[in-house]
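>>> Provided below for reference: sequence and predicted model.
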Amino acid sequence: MLGLIADVSYWTQSLLRVFGGIVAILLPAGTIVYVFLFKMMSFMQSRLGPMEAGPFGSLQLFAEVGKWLQKEDLYPERADRFIFKMAPLIVLSSTFLLVAVVPFGPDAWFTNFEAGVFYALAVSSVSVLGILIAGWASANKYSLLGGLRAAGQLIAYELPMVLAVVGVVIQAGTMNLQQIVVAQNTGSIFGWAGLGNPYILTQCVGFVIFMIAVQAELTQAPFDMPIAESELVSGYMTEYSGFRFLIFFIGEFATAGVFAFIASVLFLGGWGVPFSWFGWTSIDSIDNWMNVVGPLIMFTKMMLLVFVIMWVRFSYPRFREDQLQRFAWKSLIPLSLVNIMATSVLKVAF
Amino acid sequence: MTMLGDRQQLAYIASQAADARVNVELETEGMTLNIGPQHPATHGTLRIIARLDGEQVVWAEPSCGYMHRGYEKLAEVRTFPQVTALVNRIDWLGSFANEVPFILAAEELMGIEAPPRAQWIRTILFELSRIANVSLFLGDLGVQLGAITPVFFAFRDREYVLNLIEGATGGRFHPNFDRIGGLKDDLPAGFIDETRVVMRKMRKFCDEIEGLLFGNEIFEARTRGIGVIPRDLALQYGLSGANLRGSGVDWDLRRDQKLPMAWDKVDWKVWTHPDGDSYARCWIRLQEVRESTLIVEKLLDSLPSGPVMAKVPRIIKVPEGEAWVSTENPLGEMGYYVVSKGELGPFRVKIRSASFNNISIVPWLLKGVYVPDIITILASLYFILGDIDR
Amino acid sequence: MSSLAEITVALGDAVEDSFEKGSDDDVDTWVRVKTSAWRDAASTLREKLDYDYFCFLSAIDWLPSPYGRGEEDPTAERAAIDSTIRQGYTGGATRMQVFARLVNHRTHHGVTLKADVPDDSLTIDSWVGVFAGANWHERETHEMFGISFAGHPDLRNMYLPTDFEGHPLRKDFPLLARIVKPWPGIVDVEPLPGGSDEEGEAE
């Protein structure tokens, strides 16, 4: 992490980064599971959710993790064991790779890529491989169907997601996520800089498309056909139990958190506050306390976005596979192309 | 609507089958998918063997019998009053409704009729068990289609109805409350006011479900035009209940049959839908829950006073004869063909359960659909395993 | 013309016997047809008289159960069981009868068709060609009574395992549970709570 620790030795730096990365993955994942999956879903469904473990059931997650860890590590007799075991790790590693480019503060970042957007979109599709081989290696027909559905779906929705981001990149003029944040917070709306210029205003179409694509990438309802518990039992996860299921589970919610981070960076101004509030002019003139407040702001925005994702998840029925494909190819992609065109024209005009 | 001739009908079936062809040019090999008997979507132990080409079903066949309990045989060694305990367990979500036609058949053979108050209370409890049963269907429909929230609403609000049934009969699921000649007991104090409150709650629940599911574009996309049953075929397969009315047949046994029950004493509407698809069937059930709450309220308004039990002998011997009585149960037409030889118990009871007929159309209906539609179609046909296997 | 008269005219000499029960607006009809006319009777009723709703199809074994009702006191000497076969409404000549119910979905009048099944061959025509829905009902009847349906595409067992021996709903198929352990509720010996003898006759 951080320009802050530039003085310490290389391996200490690396260790701190790994630690920071784990925190940046597990903390959002745990919070999302407790706040949204346990509590919000329960309240929406007129029940209380876990209440026994800890105050308001807040330690329930630890109990669940403890339970999963104790379970026997089962694998089907005919499974291809090596890749069967590897699959959850691939899915989770995609999440870790993804969080590496997310900036949390002026100096609070893991890596400061020039082509951050490009990298993020590229590694986010690594999880498809994990899901596909999980479906294949389980030697289960439901898993296979789930894996194939996942492959088709994730590839179909990768495209609208990329195209939605292109608008942002055109407007910001950079692919560096840190600079996209700066561009939004130094920007102005018709000369008024009181709010900066979060791209959700100018790129609202892109934002909606991006969030829909995220919903599909995360395989949350209404796009949860790869899991589709009423059809495919549990899709590609059917045969996984105990620790390996836990990894899938963490991966699912950590990815939700990371995608929400990325969405808040791209559309909501990321970690920043409008620079005009404190009279900052560029990233170098920012006060150091933003390295502490920035992550908190990011976290808040992440929770807001995940709230929307989860809200949709808990209330919508599921698409059918072909309807989902049709929706991606016939609606989202043309719409995002139009969005790009409009953005480019306006960019040149202003 | 005109009737399809045999030839036209064969052509129709053939065209459906042709749609379900295995991909010949690529010579792909199909996959046999065994859905059930333990599968989250088949609430119970229905097993479906489906042959797939990709995600498309080429051939599918339900396999039942995992819950066959042989009630027809068991009924032959029981006395008439004992049989109600068995038939309670056929459609376990709407148990009271199962008792009624059997009791009516026995009463018909004995030539007695329950007093008016008993008829009214029977009808009220019958409709309450319909509400309890179908409201769970409405919630479960969401789960089958991937929306997890409605089912909790259904469980929450069904509880009120079950409490009512428990208050009146003492049993939540298996009341065993109906007696030959009337009912075991009168309604408890406070039942009427409580029921009015609950009926309003159930209508609110229907509004919630309508907003959550029926107004949803995805729900419509998943159910409209899926699993279309033409009217002629619905009659041929003996579908009943909402499945039949969903295919445009205006037929409700509550209205179209003379029975010593109170349905004909109040005004209500039979809902039909011309489309015959999954949406139509689900929509009709939603409307029927609403209609049932209204029926219950109207019956409460006009509840007559008097005894709830007719004069019946201490030991019930049913005179020789045969009787067929069926009623419009939550799942459809549930009937009993009772043959008596003048003994303590029936000589033969043929149980005509709704789900058995409703599910028998499944092999035809599943040809050519996608895997997710299997679940939609099964959910919209609405079966209960105990009602198929008996 | 009453429904029964219409049916009798339409079916012609296939009708063996008929029976009617109930008042004017709520009449239930039984018709027994010749074994050979079983299938044609269905298609005639369907085509000519619009009895197009198939309700159910099953069979009755008229043999009185040789095991009694399983409710006798096992210590007492068993009374001899009268095993003469007495058919129900519309009579008949054989031990097994198939019966099915068709309903006219416009008038809502239902008719119960019966037919004798010859004792030696235990075979009767299948209705599958007339009513597709008869398929499963005939499969069930086949496994429960051992009656074969000529022309049925697929008479597999519906409920029972494939290698099950016997036909459970036949009267001579013992209900073993009742034979190995007598029914505990043979006689309702306990007095009803607070009860005099009139207790059973409520109100």
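Sure, I can see it. All figures in this text were calculated on a predicted structure; none of them were measured in a lab.
>>> Contact residues of the stretch 201-350 of chain B facing chain C?
Listed as neighbours of chain C in the stretch 201-350 of chain B under the rule C-beta under 8 Å from any C-beta of the partner chain: B:232-233, B:235-238, B:249, B:251, B:256-258, B:307-309, B:311-315, B:320-322, B:324, B:326, B:333, B:335, B:337, B:339, B:341, B:343-345, B:348, B:350. Just so you know, the C-beta spots here come from the backbone N, C-alpha and C atoms, and that holds for glycine as well.
>>> Recalculate using a threshold of 7 Å.
Counting by C-beta under 7 Å from any C-beta of the partner chain, the residues of the stretch 201-350 of chain B lying close to chain C are B:235-238, B:249, B:251, B:256-258, B:307, B:309, B:311-312, B:314, B:322, B:324, B:339, B:345, B:348, B:350.
>>> Put the buried members of those into a ChimeraX selection.
Those of these that count as buried under 16 or more other C-beta atoms under 10 Å in any protein chain shown are selected in ChimeraX with:
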select /B:235,236,237,238,249,251,256,257,307,309,312,322,324,339,345,348,350
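>>> and the stretch 51-200 of chain A, which of its residues are near chain C?
Close to chain C, as judged by C-beta under 7 Å from any C-beta, the stretch 51-200 of chain A has no residues.
>>> Tell me where the stretch 51-200 of chain A has helices.
Taking DSSP state H, counting those that start in this stretch, the helices of the stretch 51-200 of chain A run over residues A:60-70, A:81-99, A:116-124, A:126-137, A:141-172, A:177-186, A:199-202.
>>> For these, give me JSON lines that also has mean pLDDT and mean neighbour count.
Output for the helices of the stretch 51-200 of chain A, formatted as JSON lines (pLDDT from 0 to 100; neighbours: other C-beta atoms under 10 Å in any protein chain shown):
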{"stretch": "helix A:60-70", "mean pLDDT": "88", "mean neighbour count": "14"}
{"stretch": "helix A:81-99", "mean pLDDT": "87", "mean neighbour count": "19"}
{"stretch": "helix A:116-124", "mean pLDDT": "87", "mean neighbour count": "20"}
{"stretch": "helix A:126-137", "mean pLDDT": "86", "mean neighbour count": "23"}
{"stretch": "helix A:141-172", "mean pLDDT": "86", "mean neighbour count": "23"}
{"stretch": "helix A:177-186", "mean pLDDT": "83", "mean neighbour count": "23"}
{"stretch": "helix A:199-202", "mean pLDDT": "80", "mean neighbour count": "20"}
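>>> mind listing which of the residues of the stretch 201-350 of chain B next to chain C are in strands?
With DSSP state E as the criterion, strands contain B:322, B:324, B:339, B:348, B:350 from among these.
>>> of all those residues, which comes closest to B:Val151?
B:Lys350 (34.5 Å; C-beta to C-beta).
>>> which sections of the stretch 151-300 of chain A are below the confidence cut-off?
Under the criterion pLDDT under 70, no range of the stretch 151-300 of chain A is flagged.
>>> Contact partners for whichever residue of chain A sits closest to chain B?
Residue of chain A nearest chain B, by C-beta to the nearest C-beta: A:Arg318 (2.7 Å). Taking C-beta atoms under 7 Å, 6 or more residues apart in numbering or on different chains, we find A:Arg318 in contact with A:221-222, A:224-225, A:228, B:145-146.
>>> same thing but at 10 Å, please
A:221-225, A:227-231, A:324, B:142, B:144-147, B:218-219, B:222, B:372, B:375 (C-beta atoms under 10 Å, 6 or more residues apart in numbering or on different chains).
>>> can you name the two of the ones in strands among the residues of the stretch 201-350 of chain B next to chain C that are farthest apart?
Maximum pairwise distance among these (C-beta to C-beta): 12.1 Å, between B:Trp324 and B:Arg348.
>>> shared neighbours of those two, anything?
Taking C-beta under 10 Å, 6+ apart as the contact rule, B:Trp324 and B:Arg348 both touch B:337-338, C:99.
>>> which among these gets closest to chain A?
Checking the shared contacts of B:Trp324 and B:Arg348 one by one against chain A (C-beta to the nearest C-beta), the nearest turns out to be B:Tyr337, at 36.1 Å.
>>> so what does the helix or strand containing B:Glu61 touch, helix or strand wise?
Per DSSP states H and E: B:Glu61 is located in strand B:56-63. With contacts defined as 3 or more C-beta pairs under 10 Å, 6 or more residues apart in numbering or on different chains; DSSP states H and E, the packing partners of strand B:56-63 are helix B:6-19, strand B:31-35, strand B:47-53, helix B:362-365, helix B:371-381.
>>> downstream neighbour of it in the secondary structure list?
Taking DSSP H and E, what comes next after strand B:56-63 is helix B:71-75.
>>> Distance from the chain centre to that next one, please.
In terms of C-alpha atoms, centre = their mean, to the nearest Å, the centre of helix B:71-75 is found 21 Å from the chain centre.
>>> on that earlier part again, from the ones in strands among the residues of the stretch 201-350 of chain B next to chain C, pick the one nearest A:Val33.
The closest of those to A:Val33 turns out to be B:Lys350 (C-beta to C-beta; 53.3 Å).
>>> helix or strand for the closest residue to that closest one other than its chain neighbours, which one?
Among residues not flanking B:Lys350 along the chain, B:Tyr337 sits closest, at 3.9 Å (C-beta to C-beta, 6 or more residues apart in numbering or on different chains). In the assignment (DSSP H and E), B:Tyr337 maps to strand B:332-340.
>>> Of all the residues in that strand, which ones are buried?
In strand B:332-340, counting by 16+ other C-beta under 10 Å, buried: B:332-340.
>>> Flag every residue of the stretch 101-250 of chain B that's near chain A.
B:140-153, B:155-157, B:212-213, B:216-223, B:226 (C-beta under 10 Å from any C-beta of the partner chain).
>>> Sorry, wrong one. I was asking about the stretch 251-390 of chain B.
Contact residues, the stretch 251-390 of chain B versus chain A (C-beta under 10 Å from any C-beta): B:369-376, B:378-379.
>>> As TSV, these with pLDDT and neighbour count would be great.
Shown next, in TSV, are these (pLDDT from 0 to 100; neighbours: other C-beta under 10 Å):
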residue	pLDDT	neighbour count
B:Val369	83	22
B:Tyr370	83	19
B:Val371	82	24
B:Pro372	83	26
B:Asp373	85	23
B:Ile374	85	24
B:Ile375	84	25
B:Thr376	86	28
B:Leu378	86	25
B:Ala379	86	25
